[in-house]
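J.: below are the sequence and a predicted model for it; my questions follow.
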Amino acid sequence: MSRVTVAQMAAHIAHLCETHEIVIEGHSRGGRAFRKERRVKIRPVKSAATYAVALHEVGHILGPWQSQTRLCSEAGAWMWAKEHALLWTPVMEQKLRACLASYMHWATRRSNHVSMPEPEHPFWALLGQPAPEASS
């Protein structure tokens, strides 16, 4: 695998956004996507982790499952990010899994009736965990 520089990662995000008419705005931490406005708020790409987050936010605009539940939407954005990255590193994979685990924790704390993805949904493979067994 060839080495991809941080400058190339940043240029890739800029190119994707220009090509797909997505406006980039600065953000102090993490990221946000506004699908209907075709706008993302992201930190400058300075590492593989910030590149992964930037791709993920673009994935909220261009990726699958964005009209589904929050957990499925997040999985779709991460799946899109992995598929469109110039490279995918262990650090990026760790970021993906930590974020999905955080979303799942948020969802279960927010409501006792959270809608979990179906056992066969790619969410579980991305998370790196088996789907929980359905309760009777």
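T.: Cool, got the structure.
J.: per-residue confidence for residue 134?
T.: Residue 134 carries a pLDDT score of 63 in this model.
J.: list the helices and strands the top helix by length along the chain packs on?
T.: Of all the segments of type helix in the chain, defined by DSSP state H, the longest one is helix 90-110. Secondary-structure packing of helix 90-110 (3 or more CB pairs under 8 Å, 6 or more residues apart in numbering; DSSP states H and E): helix 48-62, helix 70-84, helix 122-127. Where C-beta positions appear, they are placed from N, C-alpha and C, glycine not excepted.
J.: need those in TSV with mean neighbour count, can you?
T.: What follows is the helices and strands packed on helix 90-110, written out as TSV (neighbours: other CB atoms under 10 Å):
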stretch	mean neighbour count
helix 48-62	24
helix 70-84	21
helix 122-127	19
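J.: kindly reformat the ones you listed as TSV containing mean pLDDT.
T.: Formatted as TSV, the helices and strands packed on helix 90-110 follow (pLDDT from 0 to 100):
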stretch	mean pLDDT
helix 48-62	98
helix 70-84	96
helix 122-127	93
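J.: dump the residue contacts of the residue nearest to residue 88 when sequence neighbours are not counted.
T.: Excluding the flanking residues, the one nearest residue 88 by CB to CB, 6 or more residues apart in numbering is residue 82, at 5.5 Å. Neighbouring residues of residue 82 by CB atoms under 8 Å, 6 or more residues apart in numbering: 88, 92, 96, 126.
J.: and with 10 Å instead?
T.: Counting by CB atoms under 10 Å, 6 or more residues apart in numbering, residue 82 touches 52, 55, 56, 59, 88, 92, 93, 96, 126.
J.: just residue 20 next, same as before
T.: Per CB under 10 Å, 6+ apart, neighbours of residue 20: 38, 58, 61, 62.
J.: that's all I had, so thanks and see you.
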